[in-house]
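Visitor: just coords:
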RNA sequence: GGCGACAUACCCAAGUGGUAAGGGAGAGCUCUGCAAAAGCUUUAUUCAGCGGUUCGAAUCCGCUUGUCGCCUCCA
């Protein structure tokens, strides 16, 4: 196809034309979750964005080697390399071993992944399966003189040896208030230096620790991604993605350690997804249980804020599902905003997405199975516009507009519309070519009997009785609609 | 304190120099005993405010206001 793919590259702060280094094959690494708790829908937004990127690349005819990591080793809760270990904290909270915690939340994460129709990565990589690679990377950095040891603490990366260190994130190191909110690690040469390997404390045994040339300990937070990405995708990746919050610290550090180790650029494109913001009133809905009594702590004037896991209360996909929304409703919701734009989450907004998807499906469902080749000028034109939209930095909200307009085009046959729906859905991933399996409530027998009575009433034009019965249905959460031929249908409201 | 992002109709949200996509909701019409569903029509002389550049600005520049974020961990 003629249209070029182009994406906004965080590294250059510009949109650039994308072409894989190796023709036809894209290497893509996505920072995955630390599995110490459920993912909330804000986390999930990032994976939906990455899925859209992956699908767009494939839509463009490229094959994608897609690696997503599972961070199943605890890091410290602070980048100053102090504080508690999130995994151990999670284990203590639930009275389980860290390994059980990791397994449990990994499974939960993958379940969400599938429910959202995210394409399975080429490979999931676990941090604990790559300890030797991480040690080797730290070793290389030490051999090349980029690391130093702080006795009793760990091996640190010397950011002063990498002059380009602040460039990626546009850091103003002087302006940063070192230690303003976190403790300063004694012995660090620069505030930005970070741990590559941490030594286990002498007085207590950690649940996860490994032998290394420096003694027993555990890897620093950033090495795992560099080690795994390079092992599976080579020293220079085509695309590395994650949430925007990774830019400053995590990705900056990944670049430093990777490029110092190999002498080569680590990733050609850095693509970051924006956050899902949460309206203050939504924060009162804790995961799992229904909100009870807890008034939002934010004042009435507070605006939406970032959804945060550490606050303890957050909305998970399970909560969304339990409230009666479908996973595709949430996926559609993500599709309505550009990935680099904040998206405000509210139940009202999710309602809108659900209604939109519903009415979209009302148009697409009758066309399921009727797909014909896309060959007319009109059909090709829509396809071209759709491609142009998503190839232009993943313009999915725009593409959704194309879909709607296309469905209204009188110059298109149903077959062509069906063909275009199937074509677009390869990128959208909404499963529009498959009939929706709706978990409808079963109709209670007493209502079923009333349906017959209503039919009789309608035949003798007893509109009063007919309407009474319809009200009875409504009272129990069911709707009734009459067909022109005299029959009636019920549906869940 | 330092750095940055955002501000488009009732709501969500595209558009990034050429005269405001799309969706939801609402309204009107058709259909209907009435509804529902569906179809059609309709909803911003205007893009937070104020200046500037330009033949032309929602789009670029400056200032102001408001909101959010980063500078611990976080998608």
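Guide: That came in fine, so what should we check first? As the structure is a prediction and not an experimental result, all values here were calculated from the model. Residues are numbered from 1 along each chain as shown, chains lettered A, B, ... in the order given.
Visitor: quick one: the helices in the stretch 101-250 of chain A?
Guide: A:131-143, A:223-233 (DSSP state H, counting those that start in this stretch).
Visitor: measure how far the last one is from the centre of its chain, please.
Guide: What that stands for is helix A:223-233. Here the centre of helix A:223-233 is set off from its chain's centre by 20 Å, with Cα atoms, centre = their mean, to the nearest Å.
Visitor: just checking, what packs against that helix?
Guide: strand A:25-30, strand A:63-70, strand A:123-126, helix A:131-143, helix A:252-262 (3 or more Cβ pairs under 8 Å, 6 or more residues apart in numbering; DSSP states H and E). (Each C-beta comes from the backbone N, C-alpha and C, glycine too.)
Visitor: JSON lines for the ones you listed, including distance to residue A:100?
Guide: Shown next, in JSON lines, are the helices and strands packed on helix A:223-233 (distance: least, Cβ to Cβ, whole Å):
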{"stretch": "strand A:25-30", "distance to residue A:100": "25"}
{"stretch": "strand A:63-70", "distance to residue A:100": "15"}
{"stretch": "strand A:123-126", "distance to residue A:100": "15"}
{"stretch": "helix A:131-143", "distance to residue A:100": "19"}
{"stretch": "helix A:252-262", "distance to residue A:100": "29"}
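Visitor: possible to save those as CSV with mean neighbour count and mean pLDDT?
Guide: What follows is these, written out as CSV (neighbours: other Cβ atoms under 10 Å; pLDDT from 0 to 100):
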stretch, mean neighbour count, mean pLDDT
strand A:25-30, 23, 96
strand A:63-70, 21, 96
strand A:123-126, 18, 96
helix A:131-143, 20, 95
helix A:252-262, 24, 94
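Visitor: who's in contact with the residue in the stretch 201-350 of chain A that RNA strand B sits nearest to?
Guide: The nearest approach of the stretch 201-350 of chain A to RNA strand B comes at residue A:243, 1.4 Å away (Cβ to the nearest atom of the strand). Contacts for residue A:243 were tallied using Cβ atoms under 8 Å, 6 or more residues apart in numbering; they are A:31, A:46, A:272, A:273, A:274, A:275.
Visitor: mind running it again at 7 Å?
Guide: Taking Cβ atoms under 7 Å, 6 or more residues apart in numbering, we find residue A:243 in contact with A:46, A:272, A:273, A:275.
Visitor: neighbours around the last one, how many?
Guide: When neighbours are defined as other Cβ atoms under 10 Å, residue A:275 has 22 of them.
Visitor: cool, the second one as well?
Guide: Residue A:272 has 21 neighbouring residues, counting by other Cβ under 10 Å.
Visitor: what do you get for the first one?
Guide: Using other Cβ under 10 Å, residue A:46 has 27 other residues around it.
Visitor: how about the nearest residue to residue A:436, chain neighbours excluded?
Guide: residue A:361 (6.2 Å; Cβ to Cβ, 6 or more residues apart in numbering).
Visitor: was I right to think that neighbour contacts residue A:434?
Guide: No. Assessed by Cβ atoms under 7 Å, residue A:361 is found out of contact with residue A:434, at 10.6 Å.
Visitor: these two: who's more crowded?
Guide: Counted by other Cβ under 10 Å, residue A:361 and residue A:434 do not tie: residue A:361 has more neighbours, with 18 against 11.
Visitor: doesn't that one fall inside a helix?
Guide: Yes. Looking at residue A:361 with DSSP: H, G, I helix; E, B strand; the rest coil, it is inside a helix.
Visitor: need the per-residue pLDDT for it.
Guide: For residue A:361, the model assigns a pLDDT of 90.
Visitor: roughly how far does residue A:463 sit from RNA strand B?
Guide: For residue A:463, the distance to RNA strand B equals 3 Å [Cβ to the nearest atom of the strand, to the nearest Å].
Visitor: any idea how chain A splits into domains?
Guide: A:71-273, A:312-428, A:445-492 (automatic domain parsing).
Visitor: tell me how far the shortest one lies from the chain's centre.
Guide: Spelled out, that is domain A:445-492. Using Cα atoms, centre = their mean, the offset of domain A:445-492 from its chain centre is 44 Å.
Visitor: what do you get for stretch A:425-443?
Guide: 20 Å.
Visitor: again, but for stretch A:416-433
Guide: That offset, for stretch A:416-433, works out to 21 Å (Cα atoms, centre = their mean).
Visitor: run through who's touching it.
Guide: A:51, A:55-56, A:59, A:117, A:328, A:331-332, A:335, A:364, A:367-368, A:370-374, A:376, A:379, A:382-383, A:386, A:390, A:403, A:406-407.
Visitor: mind checking which helix or strand of chain A has the lowest mean pLDDT?
Guide: strand A:305-306 (a mean of 74; mean pLDDT, DSSP states H and E).
Visitor: could you pull out the buried residues of the helix or strand just after that strand?
Guide: Under the assignment DSSP states H and E, the closest C-terminal helix or strand after strand A:305-306 is helix A:317-322. For helix A:317-322, the neighbour count (16 or more other Cβ atoms under 10 Å) marks A:317, A:318, A:319, A:320 as buried.
Visitor: and helix A:317-322, what does it pack onto?
Guide: For helix A:317-322, the packing partners by 3 or more Cβ pairs under 7 Å, 6 or more residues apart in numbering; DSSP states H and E come out as helix A:41-59, helix A:327-335.
Visitor: adding mean pLDDT and distance to RNA strand B, write those helices out as CSV.
Guide: Shown next, in CSV, are the helices and strands packed on helix A:317-322 (pLDDT from 0 to 100; distance: least, Cβ to the nearest atom of the strand, whole Å):
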stretch, mean pLDDT, distance to RNA strand B
helix A:41-59, 95, 3
helix A:327-335, 94, 7
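Visitor: which of the ones you listed sits closest to residue A:466?
Guide: Checking the helices and strands packed on helix A:317-322 against residue A:466 by Cβ to Cβ gives helix A:327-335 as the closest, at 33.3 Å.
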